[in-house]
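In: this one's structure only:
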Ligand SMILES: Cc1cc2nc3c(=O)[nH]c(=O)nc-3n(C[C@H](O)[C@H](O)[C@H](O)COP(=O)(O)O)c2cc1C
């Protein structure tokens, strides 16, 4: 089949592919700009960007400073082409400030999840920016749509549906995650579509989770989705922001290494069974201080590890102290590739 283009608000791209927001620093300006230049939607993850020492003094402004730098860099590498977006987690303590900084810098779209992005429109003023909530089912979408309609008279420009096999934080109960067929992306499409119809909203709907090939993209398009969001498969690309030692961990991983643990964010999170994860699952607590509260939902006195520190270790290649967020789809990752190799398979 010929793949459709993807139109959201002011942009239409050659391929129906959004590069997932991946913190900390995995989805950076290099990965985002490469994706845009190849005909997809590039996303800079806004979490954990700031220099640690400067963040200790002024977390909010330091986070904004580096985000703006990243946006400028991506614009340079794409000749300002777009569509360039940010991903911002609702759980972040600097949520509103990050969005404001990105909007002032002229970002094209905002992806927001890890919590319900009910307040998202309140932070953009009258900016012409595409708003894309990330949800895990019809119930969550209904809450977002009714709240946006009531408070802002605004509809989303697209919807990302994160399925139960996704990487990162998961909007499902542990029971659902034990039985992913009960909430598959096929089932979720039907319930999301129904809610969209109730609200007279015809925004594009994108599937997130499990995408590693053109065949996967076609599968979701045939299901009714307008496109896909790709995370894990893009980690082992030359362009992703992560030390090569950590990329190799994904190359070497098998599906048996994938586990779900409780995250300090307050949600289940899918990760590789790294040395740190094994220590935590054995009941140990990692030593850490919390110099700035990056998450509203985290209680540093109670959680067994600092997720920001562990993700930063992944970025830096400190394998023993890292947490590796992942989807279930590590099997097909068998070498580090230029991201162009994936996009080349999408051309007709
Ligand atoms: C390493 C990693 C980091 C992630 N970071 C974020 C993030 O900062 N914000 C967010 O909303 N989702 C995050 N996610 C979830 C992705 O945006 C995406 O929806 C998911 O990975 C899609 O499934 P896939 O990985 O199977 O392709 C992350 C996922 C991974 C694997």
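Out: Cool, got the structure. Source: prediction; values computed, not measured. Numbers count the residues shown, from 1 in each chain.

In: How about the residues of this structure by the ligand?
Out: Contact residues (Cβ under 6 Å from any ligand atom) of the chain with the ligand: 20-23, 26, 45, 47, 87, 89, 113-114, 134, 162, 166-168, 208-211, 229-233, 235, 325-327, 329. The way it works is simple: take the backbone N, C-alpha and C, and place the C-beta from them, glycine included.

In: from what I can see residue 233 touches residue 210, true?
Out: No - counting by Cβ atoms under 8 Å, residue 233 stays clear of residue 210, with 9.2 Å between them.

In: Common neighbours of the two, please.
Out: 327, 329 (Cβ atoms under 8 Å, 6 or more residues apart in numbering).

In: In strands, which of the residues of the chain next to the ligand appear?
Out: Those of these mapping onto strands are 45, 87, 89, 113, 134, 162, 168, 208, 229-230, per DSSP state E.

In: Closest one to the ligand out of those, please.
Out: Nearest to the ligand among those: residue 168, at 2.9 Å, using Cβ to the nearest ligand atom.

In: Just give me the neighbour total for that closest one.
Out: Neighbour count for residue 168, taken as other Cβ atoms under 10 Å: 25.

In: repeat for residue 105
Out: Residues lying near residue 105 (other Cβ under 10 Å) number 17.

In: Residue 233 and residue 210: which is more packed in?
Out: Higher neighbour count among residue 233 and residue 210: residue 210, with 26 against 23, using other Cβ under 10 Å.

In: List the residues that contact that one.
Out: Per Cβ under 8 Å, 6+ apart, neighbours of residue 210: 163, 165-166, 185, 216, 327-329.

In: try residue 106
Out: Counted by Cβ under 8 Å, 6+ apart, residue 106 has contacts residue 71.

In: ok but it is inside a strand, no?
Out: No - Residue 106 is assigned coil when assessed by DSSP: H, G, I helix; E, B strand; the rest coil, not a strand.

In: distance of it from residue 118?
Out: According to Cβ to Cβ, to the nearest Å, residue 106 and residue 118 sit 25 Å apart.

In: Likewise for residue 82?
Out: Separation of residue 82 from residue 118 (Cβ to Cβ): 26 Å.

In: what is the mean pLDDT for stretch 301-313?
Out: Summarised as a single mean, pLDDT over stretch 301-313 is 93.

In: Same check on stretch 79-93?
Out: 96.

In: For the closest residue to the ligand within the stretch 101-250 of the chain, list the residues it contacts.
Out: Per Cβ to the nearest ligand atom, residue 231 is where the stretch 101-250 of the chain lies closest to the ligand, at 2.4 Å. By Cβ under 8 Å, 6+ apart, the contact set of residue 231 is 20, 22, 166-168, 208, 327.

In: quick one: the strands in the chain?
Out: Remark: strands assigned in the chain by DSSP E are 6-8, 11-13, 17-19, 42-45, 84-89, 109-113, 130-135, 159-162, 168-169, 205-208, 227-230, 258-262, 268-272.

In: quick one: strands adjacent to the second one?
Out: I take that to be strand 11-13. Using DSSP bridges, strand 11-13 pairs in its sheet with strand 6-8 (antiparallel).

In: give me the number of residues near the nearest residue to residue 168 once chain neighbours are set aside?
Out: Spatial nearest neighbour of residue 168, chain neighbours left out: residue 325 (4.6 Å); criterion: Cβ to Cβ, 6 or more residues apart in numbering. Counted by other Cβ under 10 Å, the residues lying close to residue 325 total 24.

In: i'd like the first residue to be 819 from this point on
Out: I'll keep to 819 as the first residue from here, and by that count the last item is residue 1143.

In: Residue 1143 and residue 1089 touch, don't they?
Out: Yes - between residue 1143 and residue 1089 there is a contact under Cβ under 8 Å: 5.5 Å.

In: Now that we have the contacts of residue 1028, can you turn them into CSV and tack on neighbour count?
Out: Shown next, in CSV, are the contacts of residue 1028 (neighbours: other Cβ atoms under 10 Å):
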residue, neighbour count
981, 25
983, 20
984, 29
1003, 23
1034, 18
1145, 25
1146, 18
1147, 22
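
In: Where does confidence bottom out across those?
Out: residue 1147 (92).

In: wait, what's in contact with it?
Out: Contacts here follow Cβ under 8 Å, 6+ apart; on that basis residue 1147 touches 983, 1027-1030, 1050-1051.

In: any idea which of these is least confident?
Out: Comparing the contacts of residue 1147 by pLDDT, residue 1028 comes last, at 87.

In: Strand 902-907 and the top helix by length along the chain, what's the angle between them?
Out: If each helix of the chain is counted by residues according to DSSP state H, the longest one is helix 870-895. Here helix 870-895 runs at 150 degrees with respect to strand 902-907, directions being taken by axes from the mean of the first three to the mean of the last three Cα atoms, to 10 degrees.
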